[in-house]
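A.B. asks: Dropping a prediction and its sequence here:
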Amino acid sequence: MGRRKKKEDRGLKPDPQYNNILVARFINRLMKQGKKSVAQKVLYGSFDIIKEKLDKNPIEIFDKAIKNVSPLLEVRSRRVGGAHYQIPFEVHGDRKQTLAIRWIIMAARARKGKPMRERLAEELIDAQNNTGAAVKKKSDTHRMAEANRAFARFAWH
(Lines give C-alpha, C1' and ligand atoms only; values in the text may rest on other atoms or scores of the structure.)
Protein backbone atom coordinates (compact mmCIF):
# COMPACT_ATOMS: atom_id res chain seq x y z
CA MET A 1 0.00 0.00 0.00
CA GLY A 2 1.43 3.35 -0.99
CA ARG A 3 2.00 6.11 1.51
CA ARG A 4 1.00 8.90 -0.81
CA LYS A 5 -2.52 9.97 -1.54
CA LYS A 6 -3.82 9.31 -5.01
CA LYS A 7 -3.81 12.34 -7.29
CA GLU A 8 -7.21 13.96 -7.26
CA ASP A 9 -8.30 14.94 -10.76
CA ARG A 10 -9.98 18.33 -10.50
CA GLY A 11 -10.95 18.36 -14.15
CA LEU A 12 -9.61 20.85 -16.64
CA LYS A 13 -11.88 23.19 -18.56
CA PRO A 14 -11.43 23.03 -22.34
CA ASP A 15 -9.80 26.00 -24.04
CA PRO A 16 -12.17 28.77 -25.21
CA GLN A 17 -11.35 28.78 -28.93
CA TYR A 18 -11.21 25.09 -29.89
CA ASN A 19 -13.13 23.59 -26.93
CA ASN A 20 -10.37 20.98 -26.55
CA ILE A 21 -8.97 19.77 -23.20
CA LEU A 22 -5.61 18.70 -24.70
CA VAL A 23 -5.12 22.22 -26.09
CA ALA A 24 -5.92 23.62 -22.62
CA ARG A 25 -3.29 21.32 -21.06
CA PHE A 26 -0.75 22.45 -23.66
CA ILE A 27 -1.49 26.12 -22.96
CA ASN A 28 -1.02 25.55 -19.23
CA ARG A 29 2.38 23.90 -19.82
CA LEU A 30 3.41 26.64 -22.26
CA MET A 31 2.46 29.38 -19.80
CA LYS A 32 5.22 31.18 -17.90
CA GLN A 33 4.72 33.24 -14.73
CA GLY A 34 0.93 32.89 -14.85
CA LYS A 35 0.56 34.69 -18.20
CA LYS A 36 -2.10 32.51 -19.74
CA SER A 37 -3.24 35.03 -22.35
CA VAL A 38 0.32 35.22 -23.71
CA ALA A 39 0.49 31.42 -23.92
CA GLN A 40 -2.88 31.33 -25.70
CA LYS A 41 -1.71 33.94 -28.24
CA VAL A 42 1.46 31.91 -28.90
CA LEU A 43 -0.41 28.61 -29.43
CA TYR A 44 -3.27 30.11 -31.45
CA GLY A 45 -0.70 32.05 -33.53
CA SER A 46 1.16 28.82 -34.25
CA PHE A 47 -2.15 27.17 -35.23
CA ASP A 48 -2.73 30.06 -37.68
CA ILE A 49 0.75 29.51 -39.16
CA ILE A 50 0.07 25.76 -39.50
CA LYS A 51 -3.27 26.46 -41.21
CA GLU A 52 -1.56 28.91 -43.58
CA LYS A 53 1.37 26.60 -44.43
CA LEU A 54 -0.41 23.24 -44.72
CA ASP A 55 -4.00 24.34 -45.41
CA LYS A 56 -5.26 21.65 -43.00
CA ASN A 57 -7.10 21.68 -39.68
CA PRO A 58 -4.44 22.64 -37.07
CA ILE A 59 -6.12 20.54 -34.34
CA GLU A 60 -5.62 17.38 -36.43
CA ILE A 61 -1.95 18.28 -36.94
CA PHE A 62 -1.62 19.01 -33.20
CA ASP A 63 -3.23 15.69 -32.19
CA LYS A 64 -1.05 13.73 -34.64
CA ALA A 65 2.09 15.51 -33.34
CA ILE A 66 1.22 14.66 -29.72
CA LYS A 67 0.50 11.05 -30.73
CA ASN A 68 3.82 10.75 -32.61
CA VAL A 69 5.86 12.13 -29.70
CA SER A 70 4.09 10.13 -26.95
CA PRO A 71 6.49 7.46 -25.62
CA LEU A 72 5.57 3.82 -24.97
CA LEU A 73 8.53 3.10 -22.65
CA GLU A 74 10.69 5.10 -20.26
CA VAL A 75 13.49 4.28 -17.84
CA ARG A 76 13.35 4.93 -14.11
CA SER A 77 16.26 4.69 -11.73
CA ARG A 78 16.02 2.08 -8.98
CA ARG A 79 18.54 1.08 -6.36
CA VAL A 80 18.98 -2.67 -6.04
CA GLY A 81 21.62 -4.10 -3.72
CA GLY A 82 23.83 -1.02 -3.63
CA ALA A 83 23.77 -0.45 -7.38
CA HIS A 84 21.53 1.89 -9.38
CA TYR A 85 19.84 0.42 -12.44
CA GLN A 86 17.91 2.15 -15.19
CA ILE A 87 14.80 -0.01 -15.39
CA PRO A 88 12.44 0.20 -18.37
CA PHE A 89 8.77 0.78 -17.54
CA GLU A 90 5.72 1.09 -19.74
CA VAL A 91 4.27 4.63 -19.82
CA HIS A 92 0.59 4.75 -18.87
CA GLY A 93 -2.30 7.15 -19.37
CA ASP A 94 -1.82 10.86 -18.93
CA ARG A 95 1.95 10.57 -18.51
CA LYS A 96 2.30 9.86 -22.25
CA GLN A 97 0.62 13.17 -23.09
CA THR A 98 2.49 15.01 -20.35
CA LEU A 99 5.88 13.86 -21.64
CA ALA A 100 4.91 14.58 -25.26
CA ILE A 101 3.75 18.12 -24.40
CA ARG A 102 6.89 18.77 -22.34
CA TRP A 103 9.22 17.53 -25.09
CA ILE A 104 7.48 19.53 -27.84
CA ILE A 105 7.66 22.75 -25.78
CA MET A 106 11.32 22.14 -24.86
CA ALA A 107 12.22 21.47 -28.50
CA ALA A 108 10.39 24.62 -29.64
CA ARG A 109 12.14 26.73 -26.98
CA ALA A 110 15.51 25.30 -28.01
CA ARG A 111 15.06 26.59 -31.56
CA LYS A 112 16.42 30.12 -31.86
CA GLY A 113 16.05 33.16 -34.07
CA LYS A 114 12.29 33.30 -34.58
CA PRO A 115 9.22 34.24 -32.53
CA MET A 116 7.90 31.45 -30.31
CA ARG A 117 4.71 30.95 -32.32
CA GLU A 118 6.78 30.19 -35.47
CA ARG A 119 9.14 27.87 -33.60
CA LEU A 120 6.19 26.03 -32.05
CA ALA A 121 4.42 25.74 -35.42
CA GLU A 122 7.57 24.30 -37.02
CA GLU A 123 8.06 21.83 -34.16
CA LEU A 124 4.42 20.68 -34.36
CA ILE A 125 4.71 20.21 -38.14
CA ASP A 126 7.99 18.30 -37.69
CA ALA A 127 6.48 16.13 -34.95
CA GLN A 128 3.48 15.40 -37.15
CA ASN A 129 5.91 14.27 -39.88
CA ASN A 130 7.87 12.10 -37.37
CA THR A 131 10.94 14.34 -37.54
CA GLY A 132 12.29 17.04 -35.26
CA ALA A 133 13.87 17.24 -31.82
CA ALA A 134 10.82 16.04 -29.84
CA VAL A 135 10.55 12.83 -31.91
CA LYS A 136 14.32 12.35 -31.49
CA LYS A 137 13.86 12.61 -27.72
CA LYS A 138 11.18 9.91 -27.88
CA SER A 139 13.40 7.60 -29.93
CA ASP A 140 16.34 8.21 -27.54
CA THR A 141 14.10 7.28 -24.61
CA HIS A 142 12.96 4.10 -26.39
CA ARG A 143 16.57 3.23 -27.27
CA MET A 144 17.62 3.69 -23.64
CA ALA A 145 14.76 1.45 -22.47
CA GLU A 146 15.69 -1.18 -25.06
CA ALA A 147 19.36 -1.09 -24.02
CA ASN A 148 18.39 -1.65 -20.37
CA ARG A 149 15.84 -4.38 -21.09
CA ALA A 150 18.01 -6.87 -19.18
CA PHE A 151 17.19 -5.02 -15.94
CA ALA A 152 13.43 -5.35 -16.46
CA ARG A 153 13.46 -8.22 -13.95
CA PHE A 154 13.94 -5.59 -11.19
CA ALA A 155 10.71 -3.86 -12.15
CA TRP A 156 8.55 -4.93 -9.23
CA HIS A 157 6.32 -2.31 -7.75
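C.D. replies: Yep, it's here.
A.B. asks: how about the residue nearest in space to the middle of the chain, what does it touch?
C.D. replies: Nearest to the mean C-alpha position of the chain, counting by CA atoms, centre = their mean, stands Ala100 at 1.6 Å. Going by CB atoms under 8 Å, 6 or more residues apart in numbering, Ala100 touches 66-67, 69-71, 134, 138. The way it works is simple: take the backbone N, C-alpha and C, and place the C-beta from them, glycine included.
A.B. asks: And it, how far from Gly113?
C.D. replies: According to CB to CB, to the nearest Å, Ala100 and Gly113 sit 25 Å apart.
A.B. asks: Of the contacts of Ala100 - the most surrounded one?
C.D. replies: Tallying neighbours with other CB atoms under 10 Å puts Val69 at the head of the contacts of Ala100, with 29 neighbours.
A.B. asks: That residue is in contact with Trp103, isn't it?
C.D. replies: Yes: with contacts counted by CB atoms under 8 Å, Val69 reaches Trp103, the gap being 5.7 Å.
A.B. asks: what sits in contact with each of these two?
C.D. replies: Shared contacts of Val69 and Trp103, counting by CB under 8 Å, 6+ apart, come down to 134, 137-138.
A.B. asks: In the chain, what residue spans correspond to helices?
C.D. replies: Remark: helices assigned in the chain by DSSP state H are 21-30, 36-54, 58-69, 94-110, 116-128, 133-147.
A.B. asks: any residues touching the second one, and which ones?
C.D. replies: Residues from elsewhere that reach helix 36-54 (CB under 8 Å, 6+ apart): 15, 17, 23, 26-28, 30-32, 56-59, 61-62, 115-118, 120-121, 124-125.
A.B. asks: Quick check: which of the helices of the chain is buried the most?
C.D. replies: helix 116-128 (a mean of 22; mean count of other CB atoms under 10 Å).
A.B. asks: so that helix versus helix 21-30, what angle?
C.D. replies: In terms of direction (axes from the mean of the first three to the mean of the last three CA atoms, to 10 degrees), helix 116-128 departs from helix 21-30 by 130 degrees.
A.B. asks: All set, thanks.
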